[in-house]
Structure formats: structure tokens, C-alpha cells
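K.L.:
Task: produce atomic coordinates for the following.
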Amino acid sequence: MVKPLEKACCLELRTAGYIIGWLGVFEGVLLLLIGLVGLGYPSIYSELIGSSTHKQNFKDVATLFSIIFIVLAFVGFAMYGLVIYGIKENQDAMLIPYLILSGISATLSFLRVLLIAFDLVAGTHNIFYFFFSVFSCMFQIFTFRVMYSLYTTIKMNILNGRV
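P.N.:
Prediction:
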């Protein structure tokens, strides 16, 4: 088993958890705004679709993506709200949804890095995209490890009666 972190860089685990939680809420606000703009003005996305043959259904596609963004925003609000509440009230169970979804995301990110590495060797030679994907994967794994360490710290404090 991996030893839990005592600090995240120079921050206490609770502070780092609050920062991750509030950044997630900010991410949800951005996703909600993008989704609402897409619902109101689907023609904004028409320039993102390349050729004119695919522009026939761009309003339907823009509406679908906007709805997906809005649903993801509300899922993020719920998940990061649980994180903030769980840290504030010392309830370890509130961090479990974040740990599950973050673990799945980190695993998929790692698999994406492997696929991009194979693609890099095969011929695209897009080194910037590869390094960006590696950095993104490392950041996701680090935030997962911070939140898992916070989860185990809260759980141990509850079991030892320090709460």
C-alpha cells in the first residue's frame, strides 16, 4: 500500500482539498456557461466543424454537446460540493464519489498517454501533444493521491476519536 501524503507540496492536505474542491466548482461554472451559450447560440460552434458537408446538423450537434456540458456541470457541482462539505465536516464518505470518478479519469488519462506514445512512435511526431498529455496525466494522478491521502487522514482521525 502506498503511504499517504502528509502535505501536498507546501500545503496542508485539508487546504489542498479545499483548493481542489473550489477549483472544481469553478470548472463547473465554466462548463455551465459554455453549455448555456451553446444552447442559446448554437451557430457559435459552426466554425469548429470543418467541412461544409458536416455543417448540416451542426445545430443538433451543438445542442447535444451543450446539454452534455450542462449535465457535467451539475455532476461536478454535486461531486465537488460533497468534497468541500466532507472536508469541512470531517466526513470521509463524502470524498468517495470524487475518488471513484477521479480514479477512473486518471486511469483513462494514463491509457491516453500510452496511445499517444504509440501514435508518436508510429508517425505523427506531435511531441507537444504528448508532453501535454503526460503533464495532464501526472497532475490527475497527483490530485487523486492528495485526495486519497486526505480521505485516509480523515478516516484515521475518525477511528482514533480525534474528531
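
K.L.:
give me phi/psi at residue 12?
P.N.:
Main-chain torsions, residue 12, degrees, to the nearest 10: phi -70, psi 150.

K.L.:
so what's it bridging to?
P.N.:
Partner residues in beta bridges with residue 12: residue 7, with DSSP bridges as the criterion.

K.L.:
Now for it, how many residues are close by?
P.N.:
Residues within reach of residue 12, counting by other Cβ atoms under 10 Å, total 13. Where C-beta positions appear, they are placed from N, C-alpha and C, glycine not excepted.

K.L.:
cool, and residue 95?
P.N.:
A total of 25 residues lie near residue 95 under the criterion other Cβ under 10 Å.

K.L.:
Make 112 the starting number, not 1.
P.N.:
With the count now opening at 112, the last piece we talked about shows up as residue 206.

K.L.:
Give me the pLDDT value at it.
P.N.:
If you check residue 206, the pLDDT there is 95.

K.L.:
Regarding it, what is its secondary structure?
P.N.:
Secondary structure state of residue 206, per DSSP: H, G, I helix; E, B strand; the rest coil, is helix.

K.L.:
cool, and the one 3 residues further on?
P.N.:
Here residue 209 is recorded as helix under three-state DSSP.

K.L.:
would you list every one of the helices in this structure?
P.N.:
Secondary structure of the chain (DSSP state H): helices at 124-151, 169-200, 207-233, 238-270.

K.L.:
what domains does the record give for the chain?
P.N.:
Per the record's domain assignment (automatic domain parsing), the chain is made up of the domains 121-200, 202-274.
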